[in-house]
Each structure stands twice: as C-alpha cells, then as structure tokens.
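Q: Need a 3D model of the following:
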Amino acid sequence: MAFKKAGDFMIPLDSYPHIPYWFTLRQTIAELENAEIVVKGKKSLPRWVLIFDEKYQLMGTVRRRDILRGLEPEFLLKKPLEVRKSLFNVKVDPDLSELSYDKMLEGMRKQSERPVSEVMLPIRATVDFEDHMIKVIYEMVDNNVSMVPVLKDNKVVGVIRSVDLLHEVVTMVL
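A: Below is the predicted model:
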C-alpha cells in the first residue's frame, strides 16, 4: 500500500471557512455558524477559520475559543483572571451575580465589533501538497496543532485536520 500525500486527503480551501483579517468577531462568528464541512460523506463543523490578508496570503487562524476569549467585555479585562472567574461563581445562590445580563451582553456586543486579527493565532506549521503523510503527522505532533494548512506553489490550497489524518492512519493500521 502506497502512503498518501497531503493533497490526497486535504479539505480544499473552497470547502473550508476563510475570511479577511478585517472581518469583525461578529462576522467571523456568522461564518462559523454557517459553515459545514463534508468529508467522505460525513458532515462536520469547523473549529477554525483561516485568516488572509489583501493579497490572499495566510496570516493566521482563529479557533472558537479564541473568539470566545475575544468577546470578554472590556470592563472585565482590567481585573485579574481569578477575580473574573469568581464573578460567575454562583453555586451558593444561583440568583446572585455581580454582573447583570444586560451589562455583559452590551460588553460582548461591543467586543464583537473588534477585528478578528486582534485574537487570531499565528500559523505554527504548514505542509506542502506533495508532502508525505508521515511529514504531516510529524508537523502536527511537533508543533502541537490539530490543523495544518496545505500549500501548493506557496499558496494555501486546503487544510488537514487531525481527525482526518487519524482516519487515514486507521485505514492503514486496522
């Protein structure tokens, strides 16, 4: 059995959510909410969005949790993390909270107008379209990432997620 190359099992870029860096967090959330990936007949929700510049050069990625972190209202950011967490500790009486729903919602809506570039993460690894599957495994493991962009002629043509890579490994091992 011949080993596959990255291009053989990547998700093509046109099937994966990607946006320009000037999109707001709100626009990014909308993209994620409307995105659905179909791989080998199975539907899946993306966990990342690729971020590009004006020249369609890859700048970074943003994960769901990066967006959630970016929505934290500005008035909370000035407080230490432990204090911020304790504000939501309402185990004693669930009707008590130091924050009003309206104040939180207002703060999150304000933060949702920030550009996604403020919370995106830099690209830690890429692979080439022709790279051997083993190289993809090493890049993911070595860089502790679960998604890598696939390049062809120095342009992003797709992505490989760890779940899809593992599926390819399973078909060889089992």
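
Q: what's around the closest residue to Pro20 other than its chain neighbours, how many residues?
A: With sequence-adjacent residues excluded and distances taken as CB to CB, 6 or more residues apart in numbering, Pro20 is closest to Phe52, at 5.8 Å. Placement of C-beta: from N, CA and C, glycine included. The number of residues packed near Phe52 is 16, by other CB atoms under 10 Å.

Q: What's opposite Phe52 in the beta bridge?
A: Pro20, Leu58 (DSSP bridges).

Q: got the contact list for it?
A: The contact partners of Phe52, taken as CB atoms under 8 Å, 6 or more residues apart in numbering, are 18-21, 58-59, 156.

Q: Just send those back as JSON lines, with neighbour count and distance to Ile37 too.
A: Converted to JSON lines, those look like this (neighbours: other CB atoms under 10 Å; distance: CB to CB, whole Å):
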{"residue": "His18", "neighbour count": "20", "distance to Ile37": "12"}
{"residue": "Ile19", "neighbour count": "19", "distance to Ile37": "15"}
{"residue": "Pro20", "neighbour count": "15", "distance to Ile37": "20"}
{"residue": "Tyr21", "neighbour count": "16", "distance to Ile37": "22"}
{"residue": "Leu58", "neighbour count": "18", "distance to Ile37": "18"}
{"residue": "Met59", "neighbour count": "16", "distance to Ile37": "21"}
{"residue": "Val156", "neighbour count": "19", "distance to Ile37": "16"}
